[in-house]
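J.: with the input below, show me the fold.
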Amino acid sequence: MSTQIFVNLATDDLERSKAFYVALGCEINPLFTDDNAACVVWSDEVFFMVLTREFFGTFTDKPVANAHDTAQVLLAISRDSRAQVDETLAAGLAAGGTEPRPAQDMGFMYSRDLEDPDGNVLEFMYMDPAAVEAGPPDMN
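T.: From the prediction side, this is the model:
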């Protein structure tokens, strides 16, 4: 079995979050979804567990951050092309997300940020395969 990642995100509206992530092309795994949580499937290795804010709080003794006010993590998700980055952003914006900052084009890498309706920041990026192999031009 390969390593999998499960990212836990708090939400104020579970149904809204499920609809948002489905609009981005994800699936919801019904086996791990109930009134408190939804398992958002990105791939065979990457999953988001979107948890109601109250349920999320049962997994930590720390205060649960409001992602509209505080950044705890920025999640970068690769796409296969610049066009796919733009398509993902268009779908996310149409589903209630916002774009908090302009696109970043570094030549070898192109990225755009998308905030989900709860304020969680997702960075969708495409990196030129040559840069993946050789590293960014300014780091060599």
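J.: check which helix or strand covers the residue sitting nearest the centre point of the chain.
T.: The centre of the chain sits closest to Leu122, judged by C-alpha atoms, centre = their mean, with a distance of 4.0 Å. Element membership of Leu122, judged by DSSP states H and E, is strand 121-127.
J.: just checking, what packs against that strand?
T.: strand 74-78, helix 82-94, strand 109-115 (3 or more C-beta pairs under 8 Å, 6 or more residues apart in numbering; DSSP states H and E). (Glycine included, C-beta is placed from N, CA and C.)
J.: where do the domain boundaries of the chain fall?
T.: Segmentation of the chain into domains, based on automatic domain parsing, reads 1-59, 71-140.
J.: wait, which of those domains is closest to Ala65?
T.: With C-beta to C-beta, the closest approach to Ala65 among those belongs to domain 71-140: 5.2 Å.
J.: hang on, the earlier thing: rank the domains of the chain by pLDDT, which is bottom?
T.: Across the domains of the chain, domain 71-140 has the smallest mean pLDDT, namely a mean of 91.
J.: chain center to that one, what's the gap?
T.: 10 Å (C-alpha atoms, centre = their mean, to the nearest Å).
J.: repeat for stretch 5-14
T.: Here stretch 5-14 is found 10 Å from its chain centre; the criterion is C-alpha atoms, centre = their mean.
J.: dump the residue contacts of the nearest residue to Glu27 once chain neighbours are set aside.
T.: Distances taken as C-beta to C-beta, 6 or more residues apart in numbering place Val41 nearest to Glu27, at 4.5 Å, with adjacent residues excluded. Residues near Val41 by C-beta atoms under 8 Å, 6 or more residues apart in numbering: 26-29, 47.
J.: who's Leu51 bridged to?
T.: Ala10, Ala37 (DSSP bridges).
J.: my read: it touches Ala37, true?
T.: Yes - counting by C-beta atoms under 8 Å, Leu51 touches Ala37, with 4.7 Å between them.
J.: neighbour count winner among the two?
T.: Counted by other C-beta atoms under 10 Å, Leu51 and Ala37 do not tie: Leu51 has more neighbours, with 21 against 17.
J.: can you lay out the domains of the chain as JSON lines showing distance to Ala65?
T.: Formatted as JSON lines, these follow (distance: least, C-beta to C-beta, whole Å):
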{"stretch": "domain 1-59", "distance to Ala65": "8"}
{"stretch": "domain 71-140", "distance to Ala65": "5"}
